[in-house]
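Asks: after the sequence you'll find the predicted model.
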Amino acid sequence: MAFCTEEEKTEDYLFKIVLIGDSAVGKSNLLARFARDEFYPNSKSTIGVEFQTQKININGKEVKAQIWDTAGQERFRAVTSAYYRGAVGALIVYDISRRQTFESVGRWLNELHTHSDMNVVTILVGNKSDLKDAREVTTAEGKGLAEAQGLFFIETSALDSSNVASAFQTVVREIYNILSKKVI
Ligand code: GDP
Ligand code: MG
């Protein structure tokens, strides 16, 4: 990544973003929805791609996000340090209909901080907001945890697409803003 003149810096941004969170919270489907506008109703750990590169427009500039998916290894609590290496952004995902996945957020945050830079731009994502009747974690609880930990916060549904693009865009925009300030 080169930061030189105003003209040169347009095409050069490539941000590594990692998806983390307990198994079956919807990480792979958030990426499938965002990158390909697809949804998989049945959980299949094999659908996970290693990473997907997505172009995102920020203030008229094209930024590339290389979004990494765990492809199932989180099931065995075996997300490797290579997965985190070089990440500048992270989405920590839980399932609003399974409290246990919300209670794991602290552990994922620790793991992120162990394996990567403290300044990784992180958003807490409460996924499956469509499951209104099964909700076990309130929006206020999610927001409260995010505020306490200095994270962005959003609730999404990979099923009905709500806020999926915003979740990724929020992270990419913030990284972009931080980097452009450093350049000046
Ligand atoms: P991962 O293990 O975190 O990658 O989770 P998956 O993306 O494989 O999703 C696990 C299961 O949850 C699958 O059966 C998905 O169809 C389902 N799922 C994912 N996102 C949503 C969502 O937003 N709403 C609902 N209702 N189900 C979802
Ligand atoms: Mg997955």
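Replies: Okay, I see it. Ligands and ions are numbered 1, 2, ... in the order given.

Asks: okay, now the closest residue to ligand 1 within the chain: neighbour count?
Replies: Residue of the chain nearest ligand 1, by CB to the nearest ligand atom: residue 26 (2.9 Å). Glycine gets a C-beta too; all of them are placed from N, C-alpha and C. A total of 26 residues lie near residue 26 under the criterion other CB atoms under 10 Å.

Asks: how about it: what's its closest non-neighbour residue?
Replies: Excluding the flanking residues, the one nearest residue 26 by CB to CB, 6 or more residues apart in numbering is residue 127, at 4.2 Å.

Asks: how about the residues of this protein near ligand 1?
Replies: Residues of the chain lying close to ligand 1 (CB under 6 Å from any ligand atom) are 23-29, 40-43, 127-128, 130-131, 157-159.

Asks: for the residues you listed, which PyMOL command selects only the ones that are buried?
Replies: Buried members of the residues of the chain next to ligand 1, defined by 16 or more other CB atoms under 10 Å, are picked up in PyMOL with:
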select buried, resi 23+24+25+26+27+28+29+127+128+130+157+158+159
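
Asks: let's see which of the residues of the chain next to ligand 1 end up in strands.
Replies: If you go by DSSP state E, those have residue 127 in strands.

Asks: from this protein, which residue is nearest to ligand 2?
Replies: residue 28 (3.3 Å; CB to the ion).

Asks: what's the end-to-end length of stretch 135-154?
Replies: Using CA to CA, to the nearest Å, one end of stretch 135-154 lies 15 Å from the other.

Asks: what mean pLDDT would you report for that stretch?
Replies: Regarding stretch 135-154, the rounded mean pLDDT is 98.

Asks: going forward, count from 46.
Replies: Sounds good: first residue 46 from here, last item stretch 180-199.

Asks: pull out the buried residues from it.
Replies: By 16+ other CB under 10 Å, the buried positions in stretch 180-199 come out as 180, 182, 187-188, 190-191, 196-199.

Asks: low-confidence ranges in this structure?
Replies: For the chain, applying pLDDT under 70 flags the ranges 46-56, 89-94, 228-229.

Asks: which residue is nearest the centroid of it?
Replies: Centroid-nearest residue in the chain: residue 136, 2.4 Å away (criterion: CA atoms, centre = their mean).
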